[in-house]
Each structure stands twice: as structure tokens, then as C-alpha cells.
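Asker: Return a 3D structure for these sequence lines:
(one chain, ligands or ions: 1)
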Amino acid sequence: MNKIVLANEGVFPITKDKEGQMLGSIPATGMKTAGTIQGEGKLAGVPSLFIRLAGCNLRCMWTLPDGSFCRCDTPYASFEAEQDLQLEEEDIFALVKHNIGNLSHVVLTGGEPMLQHKHLAVLAQRLKKELNLHLSIETNGTIFADDVAQHIDLFSISPKLSNSNPSPKKLATYGLKQNGPLTYHAEKRRNIEVLQKHINFCNASGKELQLKFVVGQPNDYVEIKEDFLAHLKNWNPADILLMPLGATPEELKTTSNMVAEMAISNGWRYAPRLHIDLFGPKAGV
Ligand code: SF4
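Answerer: Below is the predicted model:
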């Protein structure tokens, strides 16, 4: 049994079930077709199907420039991942096969998908071998798993800055108590050894990589340079992306221009959140 635990969105957006029969309702995108666009990173705009795995080893809670807080934009896959969906690898494969249509890109996301690397590797291998799909994995860069890595085309790694630490004030605002990942987030979020493994693996195998930093404070560039890039070797400046913090159009307005300026002045790439422009802060899009 190869069960993979998915967030409630599962494989999305889809129009057919695992038998290939039409579903009774249209996807959350409001479109009649399966698939959406990749909203973030180097492949922004590329039509894609997503598979969202449940569970995360981190608990991101950020401070916006105006001092307000915003947390992980997929709390149902991290903070509240208990309402999940357990599917056989075979059934996930069937959902992709019946919904892939003219798309060629599948994104494995979370949560932190590498937490389930053993079963995910079986699925990734079949998606590559039997359907010849381009696979991206969206990961926080704290776990490297060779069994999954060999089937991935693009590693979209989002290392977390100290602004994501769940401080006592943030916990009190959200009515949360220190436990599990909320306790060790600050200690685990930065793993230079694992980031270097990803870089080395991609350099040796010719696979694509992006280091996509979520930026919410004007001085975040110092931390990116001094706490991350200065400790890493053989990375390419074209692979450094800055993405504005914010899960809603209103939150993005407070960060986008500041982040664009930071990207330009450092020679890094600005990464939009196109799905929020198109669909707003909805799940399943
Ligand atoms: S690492 Fe990603 S999925 Fe996990 S809590 Fe942070 S933003 Fe959410």
C-alpha cells in the first residue's frame, strides 16, 4: 500500500475523477477545464496541474512592513493539516492521467512534500516514465531525498528567513501555543547543508533550481546575503528569486514595490504571485 497524505485540495484543479468520469462541479478556478497556471517562480504562467501534500515540518508566521502578521498561505497543509485526504499512489496517478489534457507540467507541493519522499518517489517515477511529464517540487529546503530528486526537473526551494519565526507575540495573536514545529521552526528553517546538497545535485545532473526567498522586510536582503548565500557554494545569481510576502492582493500591495526594488538593486529576479492576481486568495486554484 502506497498511501500519500494530501491536503484537501488533493490533485487540482480537476474535472474528472480517478475513473475518468466527469465531476459534478467545475474547479475553484471557475473554468471548465482542468489545470491552472503556475503562479510563482521561473515557470510563472506555465499551465500546470498541482498535487498538494499535507504536513509540514515548519510553521511560518511573518511580519508585514506595517507590523501586522500573516502566516503560511496554505495553513490547511501545515498548521491545520489534520483534515487531509489519504490516497493510494495508483489513484493519484489515475487522477493526473485523466486530467492532464494538453498540459505537460505537474507541480508537487505542500506543506513539505519531501516529508513523504518514500511514497512520493514511486508516484514521481511513474509520472515521468509513463506520462513523460515535467515535474517541479516546491520545498522549504530542509530535507533532501535522493529517491524523489532523481525524478524532478525543477527544484523550487523556498528557504525561510528569520521573519518567518513564530514569536510569542505572533502565537498570541493567532491563539496558538508552543508545540511541535512551532517550537523548533526557528532552529530548523535554515539548513545550509541540505541547501548545498540540492545545489550540488542540480549542478551535477543538469536539473533546474531556484532559491525563492519570501521577502517582507526592507532589510531581508542582508540576511539573504549573509546568512544564506555567503555560506553556499556554486550557486548561480540567475537562480536567486525574491517573492513578495502576502497571501491577499491587499497584503501584496504592502510588499511588492519594496521587493521589486530589492531585486533590481541586487541583480536578483522578482517572482510574482500571478495566481493571486488571477484568482485571489482561494484554495484549489
Ligand atoms: S514551509 Fe511552506 S508550507 Fe510549511 S509553514 Fe512555511 S509556508 Fe507553510
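Asker: What residues does the stretch 1-150 of the chain have near the ligand?
Answerer: Residues of the stretch 1-150 of the chain lying close to the ligand (CB under 6 Å from any ligand atom) are 56, 58-60, 72, 74, 77-78, 110-112, 140. (Each C-beta comes from the backbone N, C-alpha and C, glycine too.)
Asker: Report the two of those separated the most.
Answerer: Taking CB to CB, the two most distant members of these are Arg59 and Gly110; they sit 12.8 Å apart.
Asker: Mind listing the shared neighbours of the two?
Answerer: Contact criterion CB atoms under 8 Å, 6 or more residues apart in numbering; residues shared by Arg59 and Gly110: Ser78.
Asker: host element of Glu80?
Answerer: Using DSSP states H and E, Glu80 sits in no helix or strand.
Asker: Can you name the residues that contact whichever residue of the stretch 101-250 of the chain sits closest to the ligand?
Answerer: With CB to the nearest ligand atom, the shortest gap between the stretch 101-250 of the chain and the ligand falls at Asn140, namely 3.8 Å. Applying CB under 8 Å, 6+ apart, we find Asn140 in contact with 56-58, 112, 157-160, 189.
Asker: ok, now Gly246?
Answerer: Per CB under 8 Å, 6+ apart, neighbours of Gly246: 64, 70, 216, 252-256, 273, 276.
Asker: Which of the residues you listed fall in strands?
Answerer: The members of the contacts of Gly246 that map onto strands under DSSP state E are Cys70.
Asker: any idea which of the contacts of Gly246 has the most stuff around it?
Answerer: The most crowded member of the contacts of Gly246, judged by other CB atoms under 10 Å, is Thr255 (26 neighbours).
Asker: Pretty sure Leu95 sits against Thr15.
Answerer: No - in this structure, Leu95 is not within contact of Thr15 by CB atoms under 8 Å, at 10.6 Å.
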